[in-house]
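Undergrad: here is the input, now give the coordinates:
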Amino acid sequence: MATDIYSSEVTQTLLQMQQDARHALTKTVQVDGHGVSVPYPYPSPGDWRDRVIYFLMIDRFNNPNAVPKSQWDQKFNFRQGGTFKGVQDQLSYIQQLGVKAIWLSPVLKNSRPDTLPFTYPGYNTQDFLNVDERFSSDGTRVTAERELVALVEEAHGRGLHIILDIVINHAACVFDYIYQGNVTDSFTDAGVMDAPLGQEPPVEWMNGLGFPRPDWTNSLPTPTQLSVDDAVWPDDLQRKEFFRRRGSKLNDTPTSEGFVPGDFGSMRQMVAEYNATTPDQQAMRARYGILPVISILIRAYQYLIAKYDIDGLRIDTVKYVKPDMVETFGNAIREYALSAGKTNFFTFGEIYDDETTIDHFIGRNGGDTEGFGIDAALDFPLFFQLPGVIKGDNGVETIRHVFENRKATEKNLISSHGEAGRYFVSFLDNHDQHERFNAPGTPQPQVSQALAVLICLQGIPCIYYGTEQGLQGANDGFGHQTLDSMESVREALWGKTPKAFDSGHPIYLQIQALTNLRSTEAALSFGRLYFREVSGNGQDYGQSQGVGGLIAFSRILTDREVLVVANTNFTNRFDGSVLVDIDLSRLQRDLNISYSNLGTAGTQTVQVKQVNLYQPNGTSQSIQVAALPVNLAPMEVQIFVPA
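TA: Numbering: from 1, shown residues only. Down below sits the predicted model:
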């Protein structure tokens, strides 16, 4: 077990993957009882835009050896018992869904004991070098490591890439504070947050049972005197000055330095930007360079990539880390992956904010030096609008506004309109929201309509586990969602009755059809995006607006156009027409309905004619257009492709 960031085990593992990458090695792995040869290290995809991602929470997904610890559809704030082996056993189910990458919730060892609530998501990291033995089939670390390797190898044998969820902002609650004479796990105090360096309150480090030790005030014994469950590991992080020690964050708005300082709840914020420049820190500089904290984290995650042949990292709570440290981290991870044969290793972050804030962290705008930042961010700007549009809370024009604003914000990042999707991982649901999109009472056509729009818009779509089985979030025992806890929002899938992993479930089949269509129509991955004007009378056209309107857009790649039209109205049909690209349609081509969430089939012929085209500001002009007749039931979405 590695306990030191510069141990021989860590160093040799990092070097070995780099050496292996030069020799075109292969591994034979078992897939459905047959040996399959896969390259090692496993190569990156050419472009992540054609990888639909499946995000699963390991603790809540599957355990073939035990039932969930609580009734599967009830609120439960503790560990249910999912395992690596449980994920591996359902790789065929995930593969057949049509996704091409799996995002695993954090795998690193979390703080003890198991009796602590809300540690099951995995973001309370206590050991940044070793996986959590609680994900193994027998409770040991050796088995956990072996089973994670087996999971990744079989995923690669099935053509699936693996993304690990990681944290560079915080560790677990590895110490308590001595604040105003009392020992406490959290406090909020603007005076402490803004006090000069050196005036942080004292801390008492935690032991492995979850109790602060008065004899461990500020300083810890030598690592050899600690158990692996005490404080924080690797031992390189066992310095109080590597943690901010200012109490909980005051708000969620980045400061002038571009990030949010303070603990994330009781999870202790590290000082990623810690700068070792004083003379007494000479030994620290000699070991880690001038940025010891981010250097330790970089090496720890490079080790994780090398040991388990990982293909990407999702980075938690990014906006709480100084942007140039995120840039430093992203560049270092990218360069190590390149040296190990992974030429398109993927990093994307959780930046729960608007487009402008996101822009500080990704691409060439990330940080303030000459690097590239991380590759992408979760698409919160779209998430803030799309569920509400489909459910009738927001006007349909807000979707268009998201992408218009995106093009303006990304003008220094993209070389063509079609590239915009590279920088965002889009989603409808995740583990951090109070409400699920598919809440009790949600009509199934709304769910499939939202999924179709998500999968066809620009971006890298991500499906949250259980969506395909109609999971609606833990309830209160009376069929209602519990809203008092953001984390208690999805059931332990393997406990679902009568069938947990049902490949014939209606929503599973809808997602499967959509992912297959995205795989065959390259325009849905790489195409330019145009929102289309619509008409109910065939003569007057303009952008649809308001609650219950139409979402209508085209994805165009070279000479191929795919048209998506969604009627978000709950009760009214739409019988009218939608504009398409006239330069591709002057010969009056036919378009087939390749997908409908309600099963509609058929072919429509494009009509070239003179119409009145209205702009959002109310002005109009008479213009020749290409229009496609469209007939949509309430809550129906249709996807048209050239015949």
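Undergrad: show me where the stretch 1-150 of the chain has its helices.
TA: 8-21, 58-61, 84-89, 91-96, 141-157 (DSSP state H, counting those that start in this stretch).
Undergrad: could the ones you listed be laid out in JSON lines, adding distance to Glu419 and mean neighbour count?
TA: Every residue, glycine included, has its C-beta placed from N, CA and C. Below are these laid out as JSON lines (distance: least, C-beta to C-beta, whole Å; neighbours: other C-beta atoms under 10 Å):
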{"stretch": "helix 8-21", "distance to Glu419": "28", "mean neighbour count": "15"}
{"stretch": "helix 58-61", "distance to Glu419": "33", "mean neighbour count": "27"}
{"stretch": "helix 84-89", "distance to Glu419": "32", "mean neighbour count": "23"}
{"stretch": "helix 91-96", "distance to Glu419": "28", "mean neighbour count": "17"}
{"stretch": "helix 141-157", "distance to Glu419": "27", "mean neighbour count": "20"}
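Undergrad: what's the spacing between stretch 446-462 and its chain's center?
TA: 15 Å (C-alpha atoms, centre = their mean, to the nearest Å).
Undergrad: now stretch 515-533
TA: Relative to the centre of its chain, stretch 515-533 is centred 21 Å away, using C-alpha atoms, centre = their mean.
Undergrad: nearest to Val402, out of the helices of the stretch 1-150 of the chain?
TA: Proximity of the helices of the stretch 1-150 of the chain to Val402 was assessed by C-beta to C-beta; the nearest stretch is helix 91-96, lying at 28.9 Å.
Undergrad: put the alpha carbons of that closest one into CSV.
TA: In CSV, the C-alpha atoms belonging to helix 91-96 read as follows (Å, rounded to 0.1, in the frame of the first residue of the first chain):
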residue,chain,number,x,y,z
LEU,A,91,-21.1,-4.0,-18.3
SER,A,92,-23.0,-5.9,-21.0
TYR,A,93,-26.2,-4.1,-19.8
ILE,A,94,-24.4,-0.7,-20.0
GLN,A,95,-22.8,-1.5,-23.4
GLN,A,96,-26.1,-2.5,-24.9
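Undergrad: want to try JSON lines for the helices of the stretch 1-150 of the chain, with mean pLDDT and distance to Pro113 as columns?
TA: Conversion of those to JSON lines gives the following (pLDDT from 0 to 100; distance: least, C-beta to C-beta, whole Å):
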{"stretch": "helix 8-21", "mean pLDDT": "98", "distance to Pro113": "27"}
{"stretch": "helix 58-61", "mean pLDDT": "96", "distance to Pro113": "15"}
{"stretch": "helix 84-89", "mean pLDDT": "98", "distance to Pro113": "21"}
{"stretch": "helix 91-96", "mean pLDDT": "98", "distance to Pro113": "31"}
{"stretch": "helix 141-157", "mean pLDDT": "98", "distance to Pro113": "17"}
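Undergrad: and of those, who's closest to Asn169?
TA: Taking C-beta to C-beta as the criterion, helix 58-61 is the member of the helices of the stretch 1-150 of the chain that comes nearest to Asn169, at 20.5 Å.
Undergrad: how are the strands of the stretch 451-600 of the chain distributed by residue range?
TA: For the stretch 451-600 of the chain, applying DSSP state E, counting those that start in this stretch gives strands covering 460-464, 528-531, 534-535, 540-541, 550-557, 560-567, 574-580, 590-596.
Undergrad: who does the fourth one pair up with?
TA: The pairing partners recorded for strand 540-541 under DSSP bridges are strand 607-614 (parallel).
Undergrad: what comes up buried for the strand it pairs with?
TA: The neighbour-count check on strand 607-614 (16 or more other C-beta atoms under 10 Å) flags Val611, Leu613, Tyr614 as buried.
Undergrad: now swap in stretch 23-38 and tell me
TA: Within stretch 23-38, the residues that qualify as buried by neighbour count (16+ other C-beta under 10 Å) are Lys27, Val29, Val31, Val36, Val38.
Undergrad: show me the shaky parts of the stretch 501-643 of the chain.
TA: Counting by pLDDT under 70, not a single residue of the stretch 501-643 of the chain qualifies.
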